[in-house]
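Undergrad: Need a 3D model of the following:
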Amino acid sequence: MSTPPQFPSQSGSYPEASQATTVLVLGILGIVICGILAPFAWVMGNRELEAIDAGRRPPENRGSANAGRILGIIGSVLLGLGVIVGLLFLVGAIASVSFGS
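TA: Numbering: from 1, shown residues only. Predicted structure coming up:
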């Protein structure tokens, strides 16, 4: 049985600080500069959205968290494709040297 969402107390603060900006920055960096950051953005984005849905983090940052998560997914796919293409080139180079084309 799941626990009901816990909403902020009278003071208006949430029990956990939002990481939506971090997720968005990691997602952007994962696409533009360093692809290895993209999977981190994806995972952190999923956790941030779960925390928002559970009421532990402010819902105002949902858009940033979702955008960072999506960028993380796209960056992860591009990273995977890059690794596959790199491995194919490596195998082709090894085969070329081995068989003396």
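Undergrad: Now tell me what touches whichever strand or helix holds residue 22 from outside.
TA: For residue 22, the enclosing helix or strand under DSSP states H and E is helix 20-32. Helix 20-32 is touched from outside by 36-42, 44-45, 48, 57, 61-62, 64-65, 67-72, 74-76, 78-79, with contacts defined as Cβ atoms under 8 Å, 6 or more residues apart in numbering. All C-beta spots, glycine's among them, are computed from the backbone N, C-alpha and C.
Undergrad: Going through those, which ones are buried?
TA: When those are checked for burial by 16 or more other Cβ atoms under 10 Å, the buried set is 37-42, 44-45, 48, 57, 61-62, 64-65, 67-69, 71-72, 74-76, 79.
Undergrad: Show me these that map onto strands.
TA: Assigned to strands by DSSP state E, none of the buried ones among the contacts of helix 20-32 qualify.
Undergrad: How far off centre is the helix holding residue 22?
TA: Put simply, helix 20-32 sits 8 Å off its chain's centre (Cα atoms, centre = their mean, to the nearest Å).
Undergrad: buried stuff in that helix?
TA: Here helix 20-32 shows 20, 22-24, 26-31 as buried, counting by 16+ other Cβ under 10 Å.
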